[in-house]
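*Asks:* model this:
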Amino acid sequence: MASKKRDRKVAHSPAAAPARTTEIWSRLAEPRNIAIGFAIAVLCFYFTPLFDSTASIQWDAVDTHYTPQKYFADSLYAGRLPFWTPYLFSGMPFLADPQVGAWYPLNWPFFLMGVTPRGIQGEIALHCLLAALGAWLLARDLLRSRAAAVFAGIVFAFSGLFAETSSHVGPFQATSLLPWLLWTGLRAARSARWLPAVAIVSGCLVLAGHFQTALYSFAALAVWLAWVSISDFATARQSWKLTILAIAVAAAGAIALPAVMVLPGMELTANSIRAGADYSRDAGASLVPGALVTLVGPDHYGAPGVEHYTGPQDITQFYLYMGILCVPLALAGLLAVRERWHGLVLAVPAMWYAFGPPGGLYSLIALLPGFHNVRAPIQMWFVAALGLALLAGAGVGVVRARMRSPWIVVALIAITGVDLYYWNMANNRMAYARAPYQDLYGAAQDRFHAAAAPLLKQPMHRIYSAVDSPSFGPLNGTLDTRMEVTFGYNPLELSRYQRYLAAGEKNPLLLNGLGVTAALNANGMFVTNPAALPRIYVPGSVSSAPTEAESTAKLANLNPTTEAVAEGIPPIPLNGGVAVQITGYDGDVYRARYTSDHRALLRVAVPWFPGWRAEVDGRAAEVVPVDLALTGVIVPAGAHELVVRFRSTWFATGLAISAVAWLVVIGWLAIVLSSHRRNHEPSTAT
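*Replies:* Below you'll find the predicted structure:
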C-alpha cells in the first residue's frame, strides 16, 4: 500500500506535468494528426461556400470552369468524348482546350459524381488542403521547428493569394501544387527513389490546365534546386548530377504524362488569337508598390468588399494579405541564418519579376523560350507568397527557440487563423459570391433559353450576337442549354474565326455565309434571318487567295451567296449548278448527298481547323480553308455521298505517349516502394 501511495505521489509530482505536456505536443505533432488538423481547418475555412445555399461560385469559376466541366462530364455520361462542340463560336475544338482540365486526375471524381457549382467549390477546397499539406511538408524538411512548418502551411494555403484566385480554378489548382513540386524535387535531388514522385507532380501540375502557372512553377523549381545544390554541396547531402537528373525527370514528366492534353492544346493555341503573342513589352498587369501594402493592410484598396475597390484594374490579382503577423515573422525569419535563404530565393526573384518591365528582370526573362508568350507578371506572386510563408515559418522557429513555452506557438497560429479567416473568407467578396447560383446565373440563363426556344426548333440553328453578355447567364452557358451560337468566352478563340466575325460587322452578308438563322438586335430582341445560307452550300464561283492576309482582305466585299475565296487550290470560275441535300448532322459530323457534272467546292459553314476530314463515298477528299474561316471540300463530279467529320489530329498520338508514360512512371514508383519496404523490413533470426 505504501508503494502505491509513493507511485501516486510521483504521478502527480510537478516534474511529471512537463513530461505529460511534452507527450501531448509530441502526439499532436505526428504527421497523421497534423494532416487531420489541416483537413479540419480547411473544412471550417470553406464551410460557408461549401454548405450554405446562399453562397456560390462566381466569375471565371462559372464561365471558364463550371460550364465546360459540366459539358465534359455530361458528354462522358452520354458515352462520347467531346472533341468538337458546336455550341460556342459556331464550333470549336473543345477537348483541345487545356482550361477544361479534362485529364487532370483530381478532377475526375467530380466528373464522375456530376459537376455542379458546389462541386467546383469542392475542387477549390480540396486544393486548399493540398496547398496546406504541400507547404507544411516542404517547410518540415527545411525549418528547424515542426510548429514553424505548420504555420507556413497555414499562411500559404489561407493567404489572400488563394482568396483572389478562387474564381480561377485552374490557376488555383496549379498553384496548390507548387510546394509539392519543390518538396518532391528537393527529395529527388537528394535521393533517386523520389524521381518518379517528382515526375507525377510535374505531370499533374501541367494537367491542371494553366500554362503560365506551370511555366513559373518549373522556373522556380530550377532556380531553387540550383541554389539548394550550392548550399548543400559542402555537406555532401546533394550532388549536381542528381539535381540535374531531378530537373530533367520533372521536365520529362511535364511533357510526356500530359501529352494527351498538351499536343492538342498546342495545335489549338497555334490556331488561336494567342498564336504568336509577344508580351515582352506590353506585359499587362504588373505588381505595383501599393499592392504590397495589402500584405499588412487588407483593406488598402477596399478589395475584400469588391464594390469599393480602388486599386489596379483586375481585382483578382492585387490582394496579397497573408495575416497581420506574417510580415513581422518573416522579418524575424531573416535572423535564422540558414533557413532564411529557403524563402528569400523564392520571394526575391519572383517579386522582382512581378514588377514587370520597369523592374528589368521581366524583360530579361522574356528572352527565354515560352516567357514572351505569357503576360501579367503579377501572376508570379504565388512563388513569392510561398517564399514569404517559409520566411514566416522560419520566424516562428526563431520565436519558438527564444520563448520556450509551446503556448506562444499556439497563440501565433490561433491569431493568424482567425485573422485570415476574417479577411480572406468571411469578409472577402472574392472568395465566393454571397447569393445563390440560380439568382446570379441560372435565372438569366433560363430567361435567355426560353426566349430563344422557338428558334432552336429549326435544324442547324445558329444565333448571332455581337458580344457575349452576363445577361445570357454564364458566358459559356450555351454549353448547358445546347444552343448553337456565334459567340463565347475563351482566350483561345480561333484566330481566323475572330477575323471573320470582325469583318462581318462591316459586311453583314458574311453572317449569311456563316449560316446565322437569327440574331440579337440592339434592343435585345431576336430577329430571324431568312437570307441564311445552308450549312453546306455551293457558291457560284471560287477565287483563290495564296495567303490568309489576302483572304482577310477579300472579306470586305465578299458576297457568300455567289462567290467564295479558297486557299491552296486554283480558282473555279464555274462552281455552281450542284444539287446538295444535307442528310445528317450530329455536331461534329455532316452527311450530305450531292450531284454535280463537274469538280466543285462545297462550302461547309463550320470553322476551319486541321481536324476536319471529308470522305466522298468512303474516299478521302481534300479539305481547304474557305472564306478565311470556314471549311471547304473539293468533290469530284457525279452523284455521291459526302461525310465531313472532325477527328482530333493529335489526340491519338498524345494518348499513346501519355499512356506509356503513366505506365512507366507508376511501374517505376511501384518498384521503388517495393524496394523501400524490403530494405526496411525487420530481419528475423533463423
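
*Asks:* which residues in the stretch 401-550 of the chain form helices?
*Replies:* 407-421, 437, 443-456, 478-481, 495-504, 509-513, 548-554 (DSSP state H, counting those that start in this stretch).

*Asks:* Indicate which one of the ones you listed is closest to residue 654.
*Replies:* helix 495-504 (22.1 Å; C-beta to C-beta). (Each C-beta comes from the backbone N, C-alpha and C, glycine too.)

*Asks:* Give me the contact list for that closest one.
*Replies:* The contact list for helix 495-504 (C-beta atoms under 8 Å, 6 or more residues apart in numbering) reads 89-90, 92, 271-273, 275, 486, 510-511, 514, 548, 552, 555-556, 607-608, 625, 627-630.

*Asks:* How is the protein divided into domains?
*Replies:* 31-266+284-426, 437-528, 536-646 (automatic domain parsing).

*Asks:* Span of the longest one from start to end?
*Replies:* With C-alpha to C-alpha, to the nearest Å applied, domain 31-266+284-426 spans 29 Å between its terminal residues.

*Asks:* Can you give me the distance of residue 321 to residue 299?
*Replies:* Separation of residue 321 from residue 299 (C-beta to C-beta, to the nearest Å) stands at 9 Å.

*Asks:* Show me which of the contacts of helix 495-504 are buried.
*Replies:* The neighbour count (16 or more other C-beta atoms under 10 Å) marks 89-90, 92, 271-273, 486, 510-511, 514, 552, 555, 607-608, 625, 627-630 as buried among the contacts of helix 495-504.

*Asks:* for stretch 343-361, which positions count as buried?
*Replies:* 343-347, 349-357, 359, 361.

*Asks:* Settle this for me: residue 83 is touching residue 609, isn't it.
*Replies:* No. Between residue 83 and residue 609 there is no contact under C-beta atoms under 8 Å: 10.3 Å.

*Asks:* The two - which one has more neighbours?
*Replies:* Legend: neighbour count by other C-beta atoms under 10 Å for residue 83 and residue 609, higher for residue 609 (24 against 19).

*Asks:* Excluding residues flanking it in the chain, which one is nearest the more buried one?
*Replies:* Leaving aside its sequence neighbours, residue 609 sits nearest to residue 93 (C-beta to C-beta, 6 or more residues apart in numbering; 5.7 Å).

*Asks:* again with residue 413
*Replies:* residue 151 (5.9 Å).

*Asks:* same deal with residue 477?
*Replies:* Residue 477 sits nearest to residue 445 (C-beta to C-beta, 6+ apart), 4.7 Å away.

*Asks:* for the one you found, what are its contacts?
*Replies:* Taking C-beta under 8 Å, 6+ apart as the criterion, residue 445 is in contact with 472, 473, 474, 477, 480, 481.

*Asks:* low-scoring pLDDT stretches of this protein, where are they?
*Replies:* 1-26, 28, 232-238, 680-686 (pLDDT under 70).

*Asks:* can you give me the strands for it?
*Replies:* Taking DSSP state E as the criterion, the chain carries its strands at 463-464, 518-520, 526-528, 536-537, 541-544, 563-566, 579-585, 589-596, 600-607, 612-616, 619-626, 630-635, 638-646.

*Asks:* Make TSV from those and add distance to residue 293 to it.
*Replies:* Below are the strands of the chain laid out as TSV (distance: least, C-beta to C-beta, whole Å):
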stretch	distance to residue 293
strand 463-464	46
strand 518-520	44
strand 526-528	49
strand 536-537	60
strand 541-544	60
strand 563-566	55
strand 579-585	57
strand 589-596	57
strand 600-607	46
strand 612-616	53
strand 619-626	51
strand 630-635	52
strand 638-646	51
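
*Asks:* Which of those sits closest to residue 251?
*Replies:* strand 638-646 (31.9 Å).

*Asks:* Same question for the closest one: list its buried residues.
*Replies:* Neighbour-count burial for strand 638-646, counted by 16+ other C-beta under 10 Å, picks out 640, 642, 643, 644, 645, 646.

*Asks:* Show me which of the residues you listed is closest to residue 111.
*Replies:* Using C-beta to C-beta, the buried residues of strand 638-646 come closest to residue 111 at residue 646, 22.0 Å.

*Asks:* circling back to that earlier point, can you pick the most crowded of the contacts of residue 445?
*Replies:* Neighbour-wise, those (other C-beta under 10 Å) top out at residue 477, 28 neighbours.

*Asks:* From residue 503, how far out is residue 645?
*Replies:* Distance, residue 645 to residue 503, by C-beta to C-beta: 28 Å.

*Asks:* So which elements touch the helix ranked longest in the chain?
*Replies:* When the chain is parsed with DSSP state H, its longest helix is helix 651-679. Under the contact criterion of 3 or more C-beta pairs under 8 Å, 6 or more residues apart in numbering; DSSP states H and E, helix 651-679 touches helix 195-207, helix 240-256, helix 259-270.

*Asks:* hmm, back to that, just name the closest of the buried residues of stretch 343-361 to residue 375, please.
*Replies:* Closest to residue 375, out of all of these and judged by C-beta to C-beta, is residue 356, at 9.3 Å.

*Asks:* Provide a list of residues in contact with that closest one.
*Replies:* Per C-beta under 8 Å, 6+ apart, neighbours of residue 356: 283, 286, 287, 362, 377, 378.

*Asks:* Please repeat the previous calculation with a cut-off of 10 Å.
*Replies:* Residue 356 sits next to 279, 282-288, 362-363, 366, 375-378, 380 when contact means C-beta atoms under 10 Å, 6 or more residues apart in numbering.

*Asks:* And for residue 152?
*Replies:* Contacts of residue 152 by C-beta under 10 Å, 6+ apart are 132, 135-136, 138-140, 142-143, 145, 179, 329, 333, 343, 386, 388-397.

*Asks:* ok, now residue 585?
*Replies:* 86, 459, 460, 535, 536, 591, 592, 644.

*Asks:* try residue 77
*Replies:* 111, 112, 114.

*Asks:* Quickly compare the domains of the chain and say which is most buried.
*Replies:* The highest average neighbour count among these, using mean count of other C-beta atoms under 10 Å, belongs to domain 31-266+284-426 at a mean of 21.

*Asks:* Can you tell me the closest non-neighbouring residue to residue 302?
*Replies:* residue 308 is the one closest to residue 302 (C-beta to C-beta, 6+ apart), at 3.8 Å.

*Asks:* ends of stretch 279-296, how far apart?
*Replies:* 31 Å.

*Asks:* same check, this time on stretch 270-284
*Replies:* Span of stretch 270-284 from end to end, C-alpha to C-alpha: 21 Å.

*Asks:* any idea how far residue 647 lies from residue 611?
*Replies:* 6 Å.

*Asks:* Give the residues shared as contacts by these two.
*Replies:* What both residue 647 and residue 611 touch, as defined by C-beta under 10 Å, 6+ apart, is the set 83, 84, 588.

*Asks:* between those residues, which is closest to residue 467?
*Replies:* Nearest member of the shared contacts of residue 647 and residue 611 to residue 467, counting by C-beta to C-beta, is residue 84, at 23.6 Å.
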